[in-house]
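> quick one: sequence plus predicted model below, questions after.
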Amino acid sequence: MKIIKDTKKELEIEIDGESHTLCNALRKILMEDKDVLSAAYVIEHPIVGEPKLYINAKNPKKSLKNASETLKSRCEEFKDLIGTVDTDTKSKSKKSTKKRSTKAKTSSASKTKKRSTKAKTSSASKTKKKSTKKSKK
């Protein structure tokens, strides 16, 4: 990180190796701060440009520090949320696997039963047709 401009109410920094992701998140959080008059960033070249973050506030360094701490806590909260969802998904997956195997067994048994019933019915109807043909002769 390189400081480009540092006055009482303005701060401009260049953030090496970052992209829109970090800068836009910081800008949004900075704009939620009532002491910040404006916050913006620019990346002058899409491939080789480094982002420059500009802050106009009562105390821009303090606002930037608060914004970074807020972003960090929100990331931790999001990480915990993802962990909770992942845990719920795994437990649901185990339950659904048990249900699927039970359904598969039931389905397989009912298909076998249907096939044997169809075979018996088909065989009986063939026998009936043969006997009907014989009696007509």
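Alright, I've got the coordinates.
> ok, residue 26 to residue 88 distance?
In this view, residue 26 and residue 88 are 31 Å apart by C-beta to C-beta, to the nearest Å. In short, each C-beta sits where N, CA and C put it, glycine included.
> who's more crowded, those two?
Taking residue 26 and residue 88 together and counting by other C-beta atoms under 10 Å, residue 26 has the greater number of neighbours (22 against 10).
> now do the buried residues in stretch 13-21.
Using 16 or more other C-beta atoms under 10 Å as the test for burial, stretch 13-21 gives 13, 15, 18.
> no wait, stretch 48-67
The neighbour-count check on stretch 48-67 (16+ other C-beta under 10 Å) flags 51-57, 60, 63-64, 66-67 as buried.
> and stretch 26-40, by the same measure?
Here stretch 26-40 shows 26-27, 29-30, 33, 36, 39 as buried, counting by 16+ other C-beta under 10 Å.
> next step: the buried residues of stretch 13-21 restricted to strands.
Assignment to strands by DSSP state E places the following of these there: residue 13.
> thank you, goodbye.
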